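S.K.: A predicted structure for the sequence below; I have some questions about it.
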Amino acid sequence: MIHEDPPERARDEAFSMRLIRLGQIISILATTVAAFATIFGSVRGRNEKKFLSGMTRQGNFLKLDYPGTPFNQLLGQNDSGQAVGYYRTKADGTGPDHAYIYDENGSVFELLKIPGSTSAQATGINNSGNSCGFFVDSKGVNHGWVLTGGNFDILNVPGSTGTQALSLNNKGQVVGSYTDSAGNSHGFAYEERTKAFQPVDDPDGVSTTVVNGINDHGDMVGFFGTAPINSGFVATPRNRE
């Protein structure tokens, strides 16, 4: 099922944008590392590596590669011991990509078969096991996707030439980025309940915005700019829960 409902234009008053400074980034990274230790610290295996000195919590790193593959990336995780990512079969890291879910508790990889894809990544998973990501079709076009309760939906922002879903929360909200007809990048937020898209642009980064994370309050994080110069941002809804 393809959802292409007309988006509501993002209003300036919808979100409060904050530029992330170095000190805030360090704080966020420290919190992320601590969470990583909590989830993966109890895992044992022959590939485990001890935390580097200077980490704030005791624990272990676990190397995770889909069996027989030389290139893997994990891009999201939930509180239930599940992680998502993708692998490639070529040692040089070139595609195609193959999306999967990894179950920490059972040490099981589940391959995700994305209809119509030639390459696919899984980028986010919430506590209900719902996941999201994006895939490339035979024409080289990117499409977002979300898998909720066994129901698979393709996400295409109306009028876009490519869409990528990059994260989701536990409240039925998905975020990501899309490319317009002029080749510019914009963020978006998608409501699973209403099937509605809302474009999201940082005021200082219109046409270069990417949204790659959202929490259960609806706060979004991402970045804008033209490589190699980027700035991070936090977008807080005016009607924050």
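M.R.: Nice, thanks for sending it over. Values in this document were obtained by computation on a predicted structure and should not be read as measured data. Numbering: from 1, shown residues only.
S.K.: Give me the residue ranges of the chain where confidence is low.
M.R.: Within the chain, the stretches falling below the threshold (pLDDT under 70) are 1-59, 241.
S.K.: center of it, which residue is that?
M.R.: The structure's the chain has its C-alpha centroid closest to Leu166; by Cα atoms, centre = their mean the separation is 2.8 Å.
S.K.: Assign the residue lying closest to Asp137 once chain neighbours are set aside to helix, strand or coil.
M.R.: In space, and not counting its chain neighbours, Asp137 is closest to Gly116: 5.5 Å by Cβ to Cβ, 6 or more residues apart in numbering. Heads up, the C-betas are built off the backbone N, CA and C, glycines and all. Secondary structure of Gly116, reduced to three states by DSSP: H, G, I helix; E, B strand; the rest coil: coil.
S.K.: returning to what we had before: any chance you could list what contacts the host helix or strand of the residue nearest to the centre of the chain?
M.R.: Applying DSSP states H and E as the criterion places Leu166 in strand 162-168. Contact partners of strand 162-168, identified using Cβ atoms under 8 Å, 6 or more residues apart in numbering, comprise 76, 123-126, 130-134, 141-146, 155-157, 174-179, 188, 190, 210-214.
S.K.: And the residues you listed, which of them are buried?
M.R.: 76, 123-126, 130-134, 142-146, 155-157, 174-179, 188, 190, 210-214 (16 or more other Cβ atoms under 10 Å).
S.K.: After the strand holding Leu166, which helix or strand is next? Please name it.
M.R.: Per DSSP H and E, strand 162-168 leads on to strand 173-179 as the next helix or strand towards the C-terminus.
S.K.: which neighbours does that following strand have in its sheet, and in what orientation?
M.R.: Sheet pairing for strand 173-179, assigned by DSSP bridges, gives strand 162-168 (antiparallel), strand 185-191 (antiparallel).
S.K.: related to what we said a few turns ago, now, the contacts of strand 162-168 that are in strands?
M.R.: Restricting those to those inside strands, with DSSP state E as the criterion, leaves 76, 123-125, 131-134, 142-146, 155, 174-179, 188, 190, 210-214.
S.K.: Look up phi and psi at the closest residue to Thr69 other than its chain neighbours.
M.R.: The shortest distance from Thr69 to any residue that is not its chain neighbour, by Cβ to Cβ, 6+ apart, is 4.3 Å, and that residue is Tyr87. According to degrees, to the nearest 10, the main-chain angles of Tyr87 amount to phi -130, psi 160.
S.K.: For Tyr87, list the residues it contacts.
M.R.: Tyr87 makes contact with 65-66, 69, 71-73, 97-98, 100, according to Cβ under 8 Å, 6+ apart.
S.K.: so how far is Asp137 from it?
M.R.: The spacing between Tyr87 and Asp137, counted by Cβ to Cβ, to the nearest Å, is 20 Å.
S.K.: ditto for Val157
M.R.: As it turns out, when the distance is counted by Cβ to Cβ, Val157 lies 15 Å from Asp137.
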